[in-house]
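> can't give you the sequence, but here's the structure:
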């Protein structure tokens, strides 16, 4: 049954596992600390503080995929709370940058899906 379900897409799905020994995305630990602080604030619905933390992370490391992904989610949440659509273009841009910065980052892809859902 599984073989019959998979047959139509066989050969179309690429497996992109990280090869052992391949370099991981560069990470600035100070930027990541800001990301973690921002995630904590966002989990407590402190959207304003979270946004500041994510922006601080991007000042330290402009290519921080986790910061771009988190800021995309924060801007989407901000849009929900304020009832407007003003932040959605910026949210999409940050989600896209997160994926570009590190295509293997699951949080970046999740942020893109989150933003595109709304």
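Nice, I can see it. Keep in mind that what you see is a predicted model, and the values were worked out from it rather than measured. Numbering: from 1, shown residues only.
> quick one: least confident helix or strand in the protein?
Among the helices and strands of the chain, helix 2-6 carries the lowest confidence by mean pLDDT, DSSP states H and E, at a mean of 57.
> for the protein, longest helix please?
The longest helix of the chain (DSSP state H) is helix 65-82.
> What mean pLDDT does the helix or strand just after it get?
Downstream of helix 65-82, the first helix or strand assigned by DSSP states H and E is helix 88-101. Averaged across helix 88-101, the pLDDT comes to 95.
> Can you list the buried residues in helix 88-101?
88, 90, 91, 92, 94, 95, 96, 97, 98, 99, 101 (16 or more other C-beta atoms under 10 Å). The way it works is simple: take the backbone N, C-alpha and C, and place the C-beta from them, glycine included.
> Then stretch 50-70?
50-54, 56-58, 60-61, 63-70.
> which outside residues touch the longest helix of the chain?
Residues outside helix 65-82 that contact it (C-beta atoms under 8 Å, 6 or more residues apart in numbering): 25, 31-32, 34-35, 38-39, 42, 47, 50-51, 54-55, 57-58, 61, 85-88, 90-92, 94-95, 97-99, 101-102, 105, 107-108, 110-112, 114-115, 118.
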